[in-house]
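Colleague: Just the structure for this:
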Amino acid sequence: MSQFTLRDYQQDAVTATIRHFRKSDDAAVIVLPTGAGKSLVIAELARLARRKILILAHVRELVEQNHDKYRSYGLKAGIYSAGLKQKDSSHQVTFASVQSVARNLEDFANQFSLVIVDECHRISDDENSQYNQIFEQLKQHNPGLKILGLTATPYRMGMGWIYRYHYRGFSRAEQARPFQHCIYELPLQYMIKHQYLTPPKLVDAAIAQYDFSSLQANRLGNYPEQEVNQLLAQHPRVTRAICEQIEALAESRHGVMIFAATVNHAREIQGYLPAEETTLITGQTDNNERDRLIQQFKQKQLKYLVNVAVLTTGFDAPHVDFIAILRPTQSVSLYQQIVGRGLRLAEGKEDCLVMDYAGNGFNLFHPEVGQPKPDSGSVPVQVFCPVCEFANVFWGKTDEEGNILEHFGRRCQGVEEQDGGRLQQCDYRFRFKECRYCNAENDIAARRCHSCGEAIIDPDDQLKAALKLKDAMVIRCAGISMSDNRGKLKITYFDEQGEELSEQFDMSKPNQRKVFDSIFGRRFAQGSQPVQFNSLADVLSVANLFSHPDFVIARKSGQFWRVKERLFDYQGNHRKANQL
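Modeller: Numbers count the residues shown, from 1 in each chain. I've put the predicted structure just below:
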């Protein structure tokens, strides 16, 4: 029997899994970079299991790869995959394709203790998805079924993070996710630093790039094929110039993978590269032909492998040392999977050249996930929670010396363990909508109050109603000023076109101070330093640190305008000040 010595981090992942499932049935995820040996972690967990377990993957290559690793222990397991022409679920351990199991649920009408899902970021929140159909079937026979996912990219377009709580004590999402906990994570930098992966050599493609900015991606980060083809057809010289550069750069490289945008695009690329060294694989390529071409590429009989979204997972050719990305995507998962094809170690391989000709612009080591990057000038900033003191990392803006000018965080990400081991996210909100019934603070996108359940007025409805009134005035607020007006605090709101509205607060009166603090003190310094102000002088000394609302609504009162509503952190259909 062949024995393996797990790397330290692989053993840590196994230990974390055992520790978690001994105390909880909550679904959990392990995050390991491409090339970290997920199949070895799966094999070890399967070896240690005492009851029936099921290992799922979405492509036959991964099913076969995981099964081969387990079999190398000298152990037997079944394969249930139409693509591999086997349907055996009688063993204690079964390696299966999700499609085959979902189509034959009756073959899994028995008790499994654990399901392991490889590339688990593919699980959606659709209750009727194939994955969830399988989980529900197995839970009917074992309500305590444990679900473990493994992935290099724990996020999904349209969803964000696929888990809620991280074992280091912070929250990734407020709403339910396919996995409750991330129980172990290893960063890509660690793998490269310890020479487990090849360093990527990320180079801006200076000679030519496609401009896909005019196209609109769908919720999965993909672009309409017809529109992409139309755009590419207008720039044949760009494709030719790119291919000429790829060929020149590839002279010192051993294996080149090229990711094309569409089938037509891939064929065009193939036509510009040396015919005797180039092949093309698409979703329509016959399986036997596909296997033959891949083997030729792995044996270095072919140098250039052009593909269209079919070799991003389950493909292992360690000699690949040049990745050329000629397709657009808004999916950071897909981008990381593509680059990961070139990061495996191989003899004589010093680095992997990565050329992005589509201007995708992701940071491989710090991917932009969760909250989208507000604009190109945003950078990660650290903001401490004033309640639990957790060090949040949000998008924000800094000055030349690195001081935070503003940040775009909504809610503290800190997590605290309650009685009974239950986790609870800190409820402090940097940006919020206040409930008019109970004054509870809610997320700026909330439709109902999380505390009392009452409907929260939609800011678009407020603006729409105000704009219909003859005695109402609405301004897009571009800034505010604060001044002393005969001993009272005067706040002036400036419209981008020069209109003004103003109101006053008598800071010598406790009730007036309380109103001011609830509106402005709670949002002082972007909400990162809520302050209660005791005097007019206190306010004026830090006047430049107050946030201004996005819209101000006033009603006519005699000869004057009286401010009625101030809409902060607006998200809706109306343009804000200074936006195009």
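Colleague: which residue sits closest to residue 430, ignoring its sequence neighbours?
Modeller: residue 527 (3.7 Å; Cβ to Cβ, 6 or more residues apart in numbering). No exception for glycine: its C-beta is placed from N, CA and C like everyone else's.
Colleague: just checking, residue 251 is part of a helix?
Modeller: Yes: counting by DSSP: H, G, I helix; E, B strand; the rest coil, residue 251 is found in a helix.
Colleague: By mean pLDDT, which helix or strand of this structure comes out lowest?
Modeller: Lowest mean confidence among the helices and strands of the chain (mean pLDDT, DSSP states H and E): helix 225-233, at a mean of 81.
Colleague: Check which helices and strands that helix is in contact with.
Modeller: With contacts taken as 3 or more Cβ pairs under 8 Å, 6 or more residues apart in numbering; DSSP states H and E, helix 225-233 sits against helix 263-272.
Colleague: Quick one: distance of the helix or strand just after the helix it packs on to the chain centre.
Modeller: Using DSSP states H and E, the next helix or strand after helix 263-272 towards the C-terminus is strand 278-281. Distance of strand 278-281 from its chain centroid, counting by Cα atoms, centre = their mean, to the nearest Å, is 31 Å.
Colleague: Please shift the residue numbers so they start at 27 in all later answers.
Modeller: Understood, numbering begins at 27; the last thing we discussed is strand 304-307.
Colleague: What pairs with strand 304-307, parallel or antiparallel?
Modeller: strand 330-333 (parallel) (DSSP bridges).
Colleague: Can you name the element that comes right after the partner strand?
Modeller: That would be, after strand 330-333 and using DSSP H and E, strand 348-351.
Colleague: And that next one, how far out from the chain middle?
Modeller: On Cα atoms, centre = their mean, the centre of strand 348-351 falls 22 Å from that of its chain.
Colleague: For that strand, which strands pair with it and how are they oriented?
Modeller: The strands that strand 348-351 pairs with in its sheet are strand 282-285 (parallel), strand 378-382 (parallel) (by DSSP bridges).
Colleague: now those as JSON lines including mean neighbour count, distance to residue 114 and mean pLDDT?
Modeller: Below are these laid out as JSON lines (neighbours: other Cβ atoms under 10 Å; distance: least, Cβ to Cβ, whole Å; pLDDT from 0 to 100):
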{"stretch": "strand 282-285", "mean neighbour count": "26", "distance to residue 114": "34", "mean pLDDT": "96"}
{"stretch": "strand 378-382", "mean neighbour count": "22", "distance to residue 114": "38", "mean pLDDT": "94"}
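Colleague: Nearest to residue 549, out of these?
Modeller: The closest of those to residue 549 is strand 378-382. By Cβ to Cβ, the value is 38.8 Å.
Colleague: For the following helix or strand past the closest one, which residues meet the burial criterion?
Modeller: Per DSSP H and E, the first helix or strand lying C-terminal to strand 378-382 is strand 405-410. Within strand 405-410, the residues scored as buried using 16 or more other Cβ atoms under 10 Å are 407, 409.
Colleague: now do stretch 156-165
Modeller: With the criterion 16+ other Cβ under 10 Å, stretch 156-165 contains buried residues 156, 157, 158, 159, 160, 161, 163, 164.
Colleague: what's the answer for stretch 427-437, then?
Modeller: 430, 432, 433, 434, 435, 436, 437.
Colleague: which residues sit in contact with residue 499?
Modeller: By Cβ atoms under 8 Å, 6 or more residues apart in numbering, residue 499 lies in contact with 525, 527, 579, 580, 581, 582, 587.
Colleague: just residue 564 next, same as before
Modeller: residue 533.
Colleague: Wasn't it part of a helix?
Modeller: Yes: under three-state DSSP, residue 564 falls within a helix.
Colleague: pLDDT score for it?
Modeller: pLDDT, residue 564: 94.
Colleague: do residue 150 as well
Modeller: 87.
Colleague: That one in helix, strand or coil?
Modeller: At residue 150 the chain is in coil, as set by three-state DSSP.
Colleague: same question, residue 165
Modeller: helix.
Colleague: Surely it touches residue 173?
Modeller: No: assessed by Cβ atoms under 8 Å, residue 165 is found out of contact with residue 173, at 9.3 Å.
Colleague: returning to what we had before: the buried residues of stretch 427-437 in helices, which ones?
Modeller: Within the buried residues of stretch 427-437, no residue falls in helices by DSSP state H.
Colleague: Mind putting these into JSON lines with pLDDT?
Modeller: Formatted as JSON lines, these follow (pLDDT from 0 to 100):
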{"residue": "430", "pLDDT": "83"}
{"residue": "432", "pLDDT": "83"}
{"residue": "433", "pLDDT": "87"}
{"residue": "434", "pLDDT": "87"}
{"residue": "435", "pLDDT": "88"}
{"residue": "436", "pLDDT": "88"}
{"residue": "437", "pLDDT": "90"}
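Colleague: Okay, and which of the residues you listed map to strands?
Modeller: Judged by DSSP state E, strands contain the following of the buried residues of stretch 427-437: 430, 432, 433.
Colleague: What's the separation between residue 297 and residue 265?
Modeller: 9 Å (Cβ to Cβ, to the nearest Å).
Colleague: So between these two, which is more surrounded?
Modeller: Of the pair residue 297 and residue 265, residue 265 is the one with more neighbours under other Cβ atoms under 10 Å, namely 21 against 13.
Colleague: For residue 466, grab the count of nearby residues.
Modeller: Residue 466: 18 neighbours (other Cβ under 10 Å).
Colleague: same thing with residue 44?
Modeller: Neighbours of residue 44 (other Cβ under 10 Å): 10.
Colleague: For the helix or strand where it lies, buried residues please.
Modeller: Here residue 44 is covered by helix 34-49, with elements defined by DSSP H and E. For helix 34-49, a neighbour-count test (16+ other Cβ under 10 Å) marks 35, 36, 39, 40, 42, 43, 46, 47 as buried.
Colleague: Now render these as a markdown table, adding pLDDT.
Modeller: As requested, the buried residues of helix 34-49 are exported to a markdown table (pLDDT from 0 to 100):
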| residue | pLDDT |
| --- | --- |
| 35 | 95 |
| 36 | 96 |
| 39 | 97 |
| 40 | 97 |
| 42 | 97 |
| 43 | 97 |
| 46 | 96 |
| 47 | 96 |
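Colleague: how far is stretch 253-272 from where the chain is centred?
Modeller: 29 Å.
Colleague: likewise stretch 505-516?
Modeller: With Cα atoms, centre = their mean, you get 43 Å for stretch 505-516.
Colleague: Not counting its own residues, what contacts it?
Modeller: 517-520, 528-534, 542, 562, 565-566, 569, 572, 574.
Colleague: Turn the buried ones among those into a named ChimeraX selection, would you?
Modeller: Applied in ChimeraX, the following selects the buried portion of the contacts of stretch 505-516 according to 16+ other Cβ under 10 Å:
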select :517,519,520,528,529,531,533,542,562,565,572,574
